[in-house]
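Colleague: With the input below, show me the fold.
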Amino acid sequence: MTEQLVPQPVFEAALSDTHIVMGDSFRLSIVSENIGDYADIHIVSIAFPNLIEIDDVVKIATYDFTLSPSYISIGEKIGSNYSGGVETTFAEYPSIEAMSRPLKSNVETYFDIV
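Modeller: As a prediction, this is how the structure comes out:
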C-alpha cells in the first residue's frame, strides 16, 4: 500500500485598509505555510472581481515562491477542481497566481502586492 501524504496549507492575509476605492494605494501581504506533509505544489491566487484588467493597477511588490507569479486575464483558460490541469474553465476575473513546487513542511512563503 502506498503511503498517502496529507499537506495542510494555511495562510494569513493582511490588508492595509478595510475599504479601498479605485485609485487608492493599498498593500496586501500574504504569508502561507504547509503545516502538513510534503506538498508537490502550493498555489496562492488573488482575484480582482471589480477590475477588467490588472495592467498597472496592481503590482507584485515582493514574493519568495519558487516560481515567478503569473498574471491571469479574463477569458484565459485555467485549471479547475484541483485536477492538475485535466479539467479547465475560463477565468472570470483578472488575477495573480504565485506557486511553489514543491513545498516542504513548515516552510513559510510570502507574497505582497500593491
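Colleague: what residues does the worst-scoring helix or strand of the chain on mean pLDDT touch?
Modeller: Least confident helix or strand, the chain: strand 77-79 with a mean of 90, by mean pLDDT, DSSP states H and E. With contacts defined as Cβ atoms under 8 Å, 6 or more residues apart in numbering, strand 77-79 is touched by 72, 85, 86, 87, 88, 89, 90, 91. For every residue, glycine as well, the C-beta is placed using N, CA and C.
Colleague: Next, give me the two most distant ones among those residues.
Modeller: Across the contacts of strand 77-79, the longest distance by Cβ to Cβ is 18.4 Å; it joins 72 and 86.
Colleague: ok, these two, which is more surrounded?
Modeller: residue 72 (19 against 9; other Cβ atoms under 10 Å).
Colleague: would you list every one of the strands in this structure?
Modeller: 9-15, 28-34, 42-47, 60-63, 67-72, 77-79, 88-90, 95-100, 108-113 (DSSP state E).
Colleague: If we go by neighbour counts, what in the fourth one is buried?
Modeller: Neighbour counts over strand 60-63 (16 or more other Cβ atoms under 10 Å) mark 60, 63 as buried.
Colleague: do stretch 5-14 as well
Modeller: For stretch 5-14, the buried set under the neighbour-count rule, 16+ other Cβ under 10 Å, comprises residue 7.
Colleague: was I right about residue 73 contacting residue 91?
Modeller: Yes: the pair formed by residue 73 and residue 91 meets the contact definition of Cβ atoms under 8 Å, at 6.7 Å.
Colleague: List the contacts of residue 60.
Modeller: Residue 60 touches 69, 96, 111, 112, 113, counting by Cβ under 8 Å, 6+ apart.
Colleague: so where's this protein uncertain?
Modeller: Filtered on pLDDT under 70, the chain yields the residue ranges 1.
Colleague: unless I'm mixing things up, residue 110 is touching residue 33, no?
Modeller: No: counting by Cβ under 8 Å, residue 110 stays clear of residue 33, with 9.8 Å between them.
Colleague: Name whatever forms a beta bridge with residue 97.
Modeller: residue 45, residue 70 (DSSP bridges).
Colleague: hang on, it packs against residue 73?
Modeller: No: Residue 97 is not in contact with residue 73 according to Cβ under 8 Å; the separation is 11.8 Å.
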